[in-house]
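**Student:** Turn this into a model:
(one chain, ligands or ions: 1)
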Amino acid sequence: MNNLILIGFMGCGKTSVGLQLAKQLNFKFCDTDQIIEEKAKDTINHIFESKGEEYFRQLETETIKELKGRLKATVLSVGGGLPIQTGNEKLIRDLGQVIYLKTSKDTILKRLSGDTTRPLLAGDQEKRIETLLSFRAPIYEAAAHLTVTTDGRMFGDIIDEIIKRTGVQHEIISDQRT
Ligand code: S3P
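**Tutor:** Now for the predicted structure:
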């Protein structure tokens, strides 16, 4: 199964790294938040506000279950809370090689300063990041096949490390039937 699954805290670079990585490998790119927003025809913020976090977590689990057997040569970026729900860890590991983009609180804080799209970080953003990250970091680490640190690194450098350590091969499209 030649899929790469990117996990990690909000603001760790899953989307930016994922898009560039997919382009470099000639893979498809998809993102669970985007799939959910398209299916629900609603924004993550509004889903949280109108139906609550628990409902959103159900949508995440459904989404990951539906992807089983359907991903090929894909980089999948997964919402920061998805691997934390019991049982989801196995579901993502069944989809491909899971890579944890490990990022420090300070870097996340810098990247997400002024961001209003993450309902879980509303209020005292620094405190929220600190509390959530310390709880989640060991879970990300355990869920991943490999951990790649991102602090102070260029995306290109992170991508080179992912390609090298996963041994993933550039997809060659030679047959329209595939
Ligand atoms: C969440 C992360 C967000 C999004 C939602 C909840 C989380 O995705 O799924 O706001 O619980 O960490 P990103 O990790 O892509 O920001």
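**Student:** Run through the residues that contact the residue nearest the centre of the chain.
**Tutor:** In the chain, the residue lying closest to the centroid (Cα atoms, centre = their mean) is residue 78, at 2.8 Å. Listed by Cβ atoms under 8 Å, 6 or more residues apart in numbering, the contact partners of residue 78 are 5, 6, 7, 14, 31, 32, 64, 92. Just so you know, the C-beta spots here come from the backbone N, C-alpha and C atoms, and that holds for glycine as well.
**Student:** Tell me the one among the residues you listed nearest to the ligand.
**Tutor:** Checking those against the ligand by Cβ to the nearest ligand atom gives residue 14 as the nearest, at 5.8 Å.
**Student:** right, and the closest one touches residue 20 too?
**Tutor:** No. Using Cβ atoms under 8 Å, residue 14 makes no contact with residue 20, being 11.3 Å away.
**Student:** Who has more neighbours out of these two?
**Tutor:** residue 14 (27 against 17; other Cβ atoms under 10 Å).
**Student:** Poorly predicted segments of this protein, please.
**Tutor:** Along the chain, the model assigns pLDDT under 70 to residues 173-178.
**Student:** one more time with 50, if that's ok
**Tutor:** 178 (pLDDT under 50).
**Student:** anything in the longest helix seen in the chain near the ligand?
**Tutor:** For the chain, the helix with the greatest residue count under DSSP state H is helix 125-143. No. Helix 125-143 lies out of reach of the ligand by Cβ under 6 Å from any ligand atom, never closer than 7.0 Å.
**Student:** what's whichever helix or strand comes after that helix packed up against?
**Tutor:** Remark: after helix 125-143, the chain's next helix or strand is strand 146-149, criterion DSSP states H and E. On a contact count with 3 or more Cβ pairs under 8 Å, 6 or more residues apart in numbering; DSSP states H and E, strand 146-149 meets strand 97-102, helix 155-166.
**Student:** And the ones you listed: which comes nearest the ligand?
**Tutor:** With Cβ to the nearest ligand atom as the measure, strand 97-102 is the member of these nearest the ligand (10.1 Å).
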